[in-house]
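Student: sequence unknown, structure follows:
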């Protein structure tokens, strides 16, 4: 009985030493060093966000998933960008009917001047 207990204690000590040695040598399995508290890996350009920019977005991991403030910030930025683009499209669509008679007049005169 005493021998079994000694073997068990020795196995636990060996396992603990191997685990600590592996943790020191291999780290925690992260590719990069952890970020300092309060910093964020989330980056977006100031304007003209592209699909590639969105593919490159990374959020800081916290206990229950992604850091909510970073996700909210990205969603607000994308919302502003989409609103600006829709406003620009609406402006261009309003100008299109105004320019339509001009474009038709240019088309009608272009074949005559070419002859």
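Tutor: That came through fine. All figures in this text were calculated on a predicted structure; none of them were measured in a lab.
Student: need phi/psi at residue 49.
Tutor: phi -70, psi 130 (degrees, to the nearest 10).
Student: which residue packs closest to it, ignoring adjacent ones?
Tutor: Using C-beta to C-beta, 6 or more residues apart in numbering and skipping the chain neighbours, the partner closest in space to residue 49 is residue 81 (5.1 Å). Where you see a C-beta, it was placed from the backbone N, CA and C, and this is true even at glycine.
Student: so the one you found belongs to a helix, correct?
Tutor: Yes: assessed with DSSP: H, G, I helix; E, B strand; the rest coil, residue 81 lies in a helix.
Student: what is the mean pLDDT for stretch 92-112?
Tutor: Confidence over stretch 92-112 (mean pLDDT, whole number) is 73.
Student: same question, stretch 67-77
Tutor: On average, stretch 67-77 scores 85.
Student: and that stretch, what's buried?
Tutor: 67, 70, 74, 77 (16 or more other C-beta atoms under 10 Å).
Student: okay, residue 34: pLDDT?
Tutor: 65.
Student: if you could redo that for residue 23, that was the one I meant.
Tutor: So, for residue 23, pLDDT stands at 79.
Student: for the most centrally placed residue in the chain, which three-state class applies?
Tutor: The chain has residue 57 as the residue nearest its centroid, 1.4 Å off, counting by C-alpha atoms, centre = their mean. Secondary structure, three-state DSSP: residue 57 is coil.
Student: my read: it touches residue 43, true?
Tutor: Yes: look at residue 57 against residue 43 with C-beta atoms under 8 Å: they come within range, at 7.5 Å.
Student: now do the helix or strand hosting residue 15: distance to the chain's middle.
Tutor: Assessed by DSSP states H and E, residue 15 sits inside helix 2-26. Per C-alpha atoms, centre = their mean, to the nearest Å, the displacement of helix 2-26 from the mean C-alpha position of its chain is 42 Å.
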